[in-house]
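Novice: sequence and predicted model, in that order:
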Amino acid sequence: MGELRLMKGNEVIAEAAIRCGCDAYFGYPITPQSEVMETLMARMPWEETGMVVLQAESEVAAINMMYGGASAGRKVMTSSSSPGISLMSEGISYMAGAELPGVVVNVQRGGPGLGTIQPSQADYLQATKGGGHGDYRLIVLAPSSVQEMNDFVDLAFELSFKYRNPAMILTDGVIGQMMEKVELSDFKPRWTDEEVERLNGSWAATGKKPNRERAIKTSLELVAEKQEIINQGFQAKYKKMQEEEVRYEMIHCDDAEYIIVAFGVSARISQKAVDLLREQGHKVGLFRPITLYPFPSKIINQMADKVKGFLSVEMNSGQMIEDILLAVSGKTKVDHFGRMGGVIATPGEVVDAMLTKLIGG
Amino acid sequence: MTEEIIIAGFGGQGVLSMGKILAYSGIMQDQEVSWFPSYGPEMRGGTANVTVILSDDRISSPVLNLYDTAIILNQQSLDKFESKVKPGGTLLYDPNGIIKEPARTDIKIYKIDATQMAAEKGQPKIFNMIVLGAFLKAKPIVKMENVKKGLEKSLPERHHKLIPMNLAALEMGEEALVEVQ
Amino acid sequence: MAELQLADIIKPENKVYGKSKIMTDTPLHYCYGCSHGVVHKLIAEVIEELDIQEETVGVAPVGCSVMMYNYIDIDWMEAAHGRAPAVATGYKRVNPKKYVFSYQGDGDLAAIGTAETMHAVNRGENIVMIFINNATYGMTGGQMAPTTMVGQVTSTSPYGRNVDINGYPLRITELLAMLPGAAYVTRQSVHTPANVRKCKKAIRKAFENSAKNIGTSFIEVVSTCNSGWKIDPVAANQWMEENMFPFYPLGDLKDGERDSFEQFSVQKLKK
């Protein structure tokens, strides 16, 4: 049993980074996630594990510092909120193009533009369809509790290095700002130089050795046909993710006639709605995608044979519903309920939406 | 047992820290807890509120539209949350600055004159502990020994000398609770 | 007759010049008269002389020298446009024992990447920054650069740079020399053998500095782009001497180490 604490989601991201042997955090303050860097700076992990924490001059600089640290074969991360993630999108695309690992945390707030600082899930499409330019995908994990904020940092690093692809923890202002009981992970030491060489020496720019070609961490290719081959390699990687990395949780889905699909805090809110609907005698279940990319399409497609309808509950105008519609392929009814701009849906509203849009409709 | 609570008042009244101590007290008796604050510009002198849930089971939504208990510390919060108390639920308020008394008849209503009491003691900082004491008298959902442990956990070591003062404030609150209906 | 071998032509006794073994055999793609190749060679020679091939990592820019990693046989990172100092920072922070250098042109370093440039130097990152200032955007076809001279004709200032429209040429090196994080800031050129030798000394000093953890070393190389300027290489050198040197004078602007800043440290704020 690990150490039990009452902590904010944002604080847990920081603590989990230190504990999983992260080498560096580069970031820029933005509400509602500034506690991540504040916690790190107060913890001074450079004294304890040697982890670097650096406040960059901008999100643009922060993501490019990650590019540098990741090129060295090191575990690097950043965190931001929606407008800052837009600024980072250029660098994320370059990292994906150069096949560099790294973890980006997005504690979403309402948009577009400066928007609000209140919780939102309006960056779903940005996160799952790439975000920056070019044909690439991120591994996207959606925690729905403070405990998962702890667990997914390590998992994101693991997947990110396994596929040499940036991973995103897509969360929101509620999960970032709320406190819950959390069992912290045990400390894992940072990789030594020798371990970096052994684990990542085949691709990382660890210094040119006489026995190998120089490592060049680049996303540039001048010949279109060669770039296409590189792109085919990326697609093969994404296909493997779809086959091996899909994660989800099902609550009361066995006998469900209707299923709410929701991630992050919307899944928590919807879980309460499921309880309330079941109290009223309605057979409703909750399907929670944990990996938003790769999306659990196959299982949703299978469930579509059995249920009367899906309700996508998201704090946006309807973004994940596009993936659900593709997965369902017209087999059954799919509708959406969401609040926008930083307004948090309540369990009561979700109950009403299910009754009016699907059960009664 | 699940207790869903909203604590609402002005920034600076100790709304968030009261919620935190309550949450810690829940942990001390092996309960699941969640604490979700309003955040942002509201913190700067405006209204502040926090949703605290203590439960024997896994907590679903940290965000609610109805509450078992509302602890109300200013008029704006009363206006906003009186209607959100579940029928049969509890409303505890500090009458200081309240110009429109609660009107619900289907809930239990309690008063605690904590602002006045803290001012008389010359210790405005114990205000929120007086309120918490009153709440725990009305609804003893956590044992006082666990509140003490919760205080020890939530306060940094250097502030532990303040614990006796806080415990005394909790007792003051317990004794001064007024049942309105 | 047996085929002539390279070794038969170049014998040790008559060899007067050889390229650094840190330079690869890839032919340079630069135009005749371009300064890039000379500066690449100097960097390679310094790496060879200091025997730090395994310890050195370069950050290539966007611009004509984007494929610089094809020419110098070390590990490389290719940065997004303007971001080389941030990439170098990220690498150096997790690998403080490595020699890390960035190499950028004027558009990259002094326009799109101004923030990253200023802040890397201001933090006193222990890196080497090399800045090729040829007063134009060479790769994209000779557009106006932040360092383009007033009156200079480029494809986006076809009637000459006009300060009313385009503002002034930016002496970013002078700005950087004011920053406390800078250890060594110098402006060099490579248009004569004497200047090449001086520039090499400067590059060597910069690399040596980065091992001493004394702050950022920054070298501007005032350069020509005869293709972009649309004149021949000899005329380009002359134009540079006559027009650029008066505004971008050669020489050291700072030589020491980053400031301690003790005199400006403040007490903790007390509540």
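Specialist: Happy to help now that I have it. Numbering: from 1, shown residues only, chains lettered A, B, ... in the order given.
Novice: can you pull out the strands in chain B?
Specialist: Counting by DSSP state E, the segments of chain B that form strands are B:2-10, B:32-37, B:47-55, B:67-72, B:85-93, B:108-111, B:178-179.
Novice: also chain C?
Specialist: Using DSSP E, the strands assigned to chain C run over residues C:56-60, C:75-78, C:99-105, C:128-133, C:182-189, C:216-222, C:251-255.
Novice: of those, which is nearest chain A?
Specialist: strand C:75-78 (3.4 Å; C-beta to the nearest C-beta). Backbone N, C-alpha and C define where each C-beta goes, glycine included.
Novice: for that closest one, packing partners?
Specialist: Contact analysis of strand C:75-78 by 3 or more C-beta pairs under 8 Å, 6 or more residues apart in numbering or on different chains; DSSP states H and E lists helix A:59-71, strand A:216-217, strand C:56-60 as its packing neighbours.
Novice: make JSON lines from those and add mean pLDDT and mean neighbour count to it.
Specialist: Rendered in JSON lines, the data for the helices and strands packed on strand C:75-78 read as follows (pLDDT from 0 to 100; neighbours: other C-beta atoms under 10 Å in any protein chain shown):
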{"stretch": "helix A:59-71", "mean pLDDT": "98", "mean neighbour count": "31"}
{"stretch": "strand A:216-217", "mean pLDDT": "98", "mean neighbour count": "24"}
{"stretch": "strand C:56-60", "mean pLDDT": "98", "mean neighbour count": "28"}
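Novice: what lies in contact with the longest helix along chain C?
Specialist: Assignment by DSSP state H gives helix C:193-212 as the longest helix of chain C. When contacts are defined by C-beta atoms under 8 Å, 6 or more residues apart in numbering or on different chains, helix C:193-212 is touched by residues C:38-39, C:42-43, C:45-47, C:49-50, C:52, C:56, C:99-101, C:126-128, C:130, C:183-184, C:186, C:188-190, C:215, C:217-219, C:221, C:250, C:257.
Novice: just the CA trace of it, in CSV.
Specialist: Taking Å, rounded to 0.1, in the frame of the first residue of the first chain, the C-alpha atoms of helix C:193-212 are listed here in CSV:
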residue,chain,number,x,y,z
PRO,C,193,41.8,34.3,-43.8
ALA,C,194,42.6,36.5,-40.8
ASN,C,195,38.9,36.8,-39.9
VAL,C,196,38.5,33.1,-40.3
ARG,C,197,41.3,32.5,-37.8
LYS,C,198,39.8,35.0,-35.3
CYS,C,199,36.3,33.5,-35.7
LYS,C,200,37.7,30.0,-35.0
LYS,C,201,39.3,31.3,-31.8
ALA,C,202,36.0,32.7,-30.8
ILE,C,203,34.2,29.5,-31.4
ARG,C,204,36.8,27.6,-29.5
LYS,C,205,36.5,29.9,-26.5
ALA,C,206,32.8,29.6,-26.6
PHE,C,207,33.0,25.8,-26.4
GLU,C,208,35.6,26.0,-23.6
ASN,C,209,33.3,28.4,-21.7
SER,C,210,30.4,25.9,-21.9
ALA,C,211,32.4,23.4,-19.9
LYS,C,212,33.1,26.0,-17.2
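Novice: so which bits of it are buried?
Specialist: Residues of helix C:193-212 classed as buried by neighbour count (16 or more other C-beta atoms under 10 Å in any protein chain shown): C:195-196, C:198-200, C:202-210.
Novice: ok so, going back, go through the strands of chain B and pick out the most buried.
Specialist: Greatest average neighbour count among the strands of chain B goes to strand B:67-72 (a mean of 26), per mean count of other C-beta atoms under 10 Å in any protein chain shown.
Novice: appreciated, that's everything.
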